[in-house]
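A.B. asks: no FASTA, just this:
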Ligand code: TEU
């Protein structure tokens, strides 16, 4: 095992076309990463001050959640000016400095591109809503009332109808997310041209790609048919009519032809695509089609949703998880490419959700890292994951900030029949705010995130779970993540090897091989709190003399039973 200090410099990645196949991406949620000016909200200078952490981790790319001008109804995913930095985050000069500093350290920067919708405070929407004859009226989805009510029965992702009544013009506008996030009408070529121009403006400033927010929702069926109303629901499910619409492939190909192809750079593009299927993803990521490098699919992060949806959570079934991951690995093996993620700013913390954030906290955090990073695809780390940050023990509904949670809470309380405690219990382990509590840098007040009052409370466990506590510790989650990243950079099998799932029906063992002829890597992971005799499940005869490349517990006999939450990675050539 290499010592942390001797790891290679990050990003020894050449500029060849598909460099992102060998890269590890780190997502920064700027609001919660590091606050340089004491206003309680993270900012660009805060990020600049923490680049040593990212460099020593070894990541190749930083994806920044939105930093554009915004009224922050949805924490920046509601953009009011695509070419301005929100003052709360800093200035364009700060941004240019961040890009230069990342590039100087051999890292790249990917921006968040939120173009399914804008803020209702964007100039385009102000014009569009100013009158029915405004030239930009058709830039958004305006419709007259149907029988005196909403034009369709579609439900918003953030509760209630997806249509907002506009008294002044006597029409409704469509908002799949909050009413302050009106959907752009991509049928209009002027909209597409304006988006393309804006993207080029950022690329010419030096950014290395985009993570594209809900990009599979930009093409809608223009007939806007009603959705099916599921039993017990007020609104219909419009999803089949506004996702994977008839022109989605055309729009992405056009974006590529107009924005990326004419430029000299090689870019990483990842399309966030709720509901995307393996077959669709293969088309989106087929290099010959020139659409996106990879997509974020949602299947594995939906496995613990119950019959009532995300707020009705249930325990993860390991067999289902393996089935899903196997299908994605195999489905994108010959053509296309996977992204790999457990966490992002919308998901509860994986160690609390799929691991054990109690007795086996560190081991399970490392195990989850290993079984993800050693699959075929581009891994994404969400800030704090590399130190095993957990869900927050929100003590009261007033600790929550996220619009999705707040709307759900308001609806649940208004419906009657639920106490505040019951609603809090449903929200606590599920809310997006679990991901958004501040990054835990050290054990000081507010975890070293801010000298002021943080916009959302820091998790009380920052006293023990923090970067400083793990920095010099070879047995830490942080050191383990460094080694996973190093493995990807130094062992080509991690990038290129074929994926073979082993013992798919075993309910606790997550085991797979990466294979290229005789060149093999074996990953054995015990996803449970009790010992697991792996030699009884998998034939380890050929592995007797192989090297233990990495493990999360004290090494022993490679064929011995796996201890609780143990992961063992073996290699042979
Ligand atoms: O998320 C889109 C999305 O579908 C989800 O992850 C969403 O947050 C969740 O399913 C709601 O139940 C993207 C962004 O990542 C998210 O932060 C934004 O709120 C959303 O788009 C709107 O821009």
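C.D. replies: Now that the structure is in, tell me what you want to look at. All values reported here derive from a predicted model rather than from experimental measurement.

A.B. asks: Which other helices and strands does the helix ranked longest in the chain contact?
C.D. replies: Using DSSP state H to assign secondary structure, the helix with the most residues in the chain is helix 189-204. Under the contact criterion of 3 or more CB pairs under 8 Å, 6 or more residues apart in numbering; DSSP states H and E, helix 189-204 touches strand 81-85, helix 248-255. Glycine gets a C-beta too; all of them are placed from N, C-alpha and C.

A.B. asks: next helix or strand past it?
C.D. replies: Along the chain past helix 189-204, the next helix or strand (assigned with DSSP states H and E) turns out to be strand 209-212.

A.B. asks: Show me what the longest helix of the chain is in contact with.
C.D. replies: Contacts to helix 189-204, defined as CB atoms under 8 Å, 6 or more residues apart in numbering, come from residues 82-83, 111, 113, 115, 124, 136, 139, 184-186, 210, 251, 254-255, 258-260, 263, 265, 267.

A.B. asks: how about 7 Å then?
C.D. replies: 82-83, 111, 113, 115, 139, 184-186, 210, 251, 254-255, 258-259, 263, 265 (CB atoms under 7 Å, 6 or more residues apart in numbering).

A.B. asks: now stretch 296-314
C.D. replies: Here stretch 296-314 makes contact (CB under 7 Å, 6+ apart) with 270, 272-276, 281, 315-317, 320-321, 324-325, 328, 339, 341, 347, 353, 408, 426-427, 429-430.

A.B. asks: Selection in PyMOL covering whichever of those residues are buried, please.
C.D. replies: To isolate the buried subset of the contacts of stretch 296-314 in PyMOL, counting by 16 or more other CB atoms under 10 Å, use the following:
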select buried, resi 270+272+273+274+275+276+281+321+324+325+328+339+341+347+353+408+426+427+429+430
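
A.B. asks: Of the contacts of stretch 296-314, which belong to strands?
C.D. replies: Applying DSSP state E to those, the entries found in strands are 270, 272, 339.

A.B. asks: Need the nearest residue in space to the second one, chain neighbours excluded.
C.D. replies: Spatially, and ignoring its direct neighbours in sequence, residue 272 is nearest to residue 296 (4.5 Å; CB to CB, 6 or more residues apart in numbering).

A.B. asks: quick one: pLDDT of the one you found?
C.D. replies: Reported pLDDT at residue 296 in the predicted model: 98.

A.B. asks: Ramachandran coordinates for it?
C.D. replies: Backbone torsions of residue 296, given as degrees, to the nearest 10, read phi -90, psi 120.

A.B. asks: which residues touch the spatially most central residue of the chain?
C.D. replies: Using CA atoms, centre = their mean, the residue of the chain that lies closest to the mean C-alpha position is residue 344, 3.6 Å off. For residue 344, the contact set (CB under 7 Å, 6+ apart) comprises 27, 382, 435.

A.B. asks: let's go with 8 Å and repeat that
C.D. replies: 27, 296, 380, 382, 435.

A.B. asks: Secondary structure element holding the residue of the stretch 51-200 of the chain found nearest the ligand?
C.D. replies: In the stretch 51-200 of the chain, no residue comes nearer to the ligand than residue 77, which is 3.4 Å away by CB to the nearest ligand atom. Assigning secondary structure by DSSP H and E places residue 77 outside every helix and strand.

A.B. asks: Count the neighbours of it for me.
C.D. replies: Other residues near residue 77 come to 24 when the count uses other CB atoms under 10 Å.

A.B. asks: mind checking pLDDT for it?
C.D. replies: Listed pLDDT for residue 77 reads 98.

A.B. asks: Torsion angles phi and psi at it?
C.D. replies: Torsion angles at residue 77 (phi, psi; degrees, to the nearest 10) stand at phi -80, psi 10.

A.B. asks: Where does pLDDT dip in this structure?
C.D. replies: Low-confidence regions of the chain, defined here as pLDDT under 70, cover residues 1-15.

A.B. asks: mind giving me the domain split of the protein?
C.D. replies: For the chain, automatic domain parsing gives the domain ranges 22-118+190-485, 123-174, 494-572.

A.B. asks: follow-up on the earlier one: tell me the spacing between the residue nearest to the centre of the chain and residue 431.
C.D. replies: As defined by CB to CB, to the nearest Å, residue 344 lies at a distance of 14 Å from residue 431.

A.B. asks: how about the helices in the stretch 451-573 of the chain?
C.D. replies: 467-471, 477-490, 492-496 (DSSP state H, counting those that start in this stretch).

A.B. asks: Check those for me and report the most buried one.
C.D. replies: Per-stretch averages of neighbours, counted by mean count of other CB atoms under 10 Å, single out helix 477-490 among the helices of the stretch 451-573 of the chain, with a mean of 22.

A.B. asks: quick revisit: farthest pair within the contacts of residue 344?
C.D. replies: With CB to CB as the measure, no two of those lie farther apart than 296 and 435, at 14.3 Å.

A.B. asks: hang on, isn't residue 379 packed against residue 368?
C.D. replies: No: applying CB atoms under 8 Å, one finds residue 379 not in contact with residue 368, separated by 11.5 Å.

A.B. asks: Identify the bridge partners of the spatially closest residue to residue 522 that is not a sequence neighbour.
C.D. replies: Nearest-residue entry for residue 522: residue 570, 4.4 Å, with adjacent residues in sequence omitted and distances by CB to CB, 6+ apart. Listed by DSSP bridges, the beta-bridge partners for residue 570 are residue 522, residue 548.

A.B. asks: burial count for residue 570?
C.D. replies: For residue 570, the tally of surrounding residues (other CB under 10 Å) stands at 22.

A.B. asks: right, and it touches residue 521 too?
C.D. replies: Yes: judged on CB under 8 Å, residue 570 makes contact with residue 521 at a distance of 7.1 Å.

A.B. asks: Now the stretch 451-573 of the chain against the ligand: closest residue?
C.D. replies: Taking CB to the nearest ligand atom, the ligand has its nearest neighbour within the stretch 451-573 of the chain at residue 456, 14.7 Å off.
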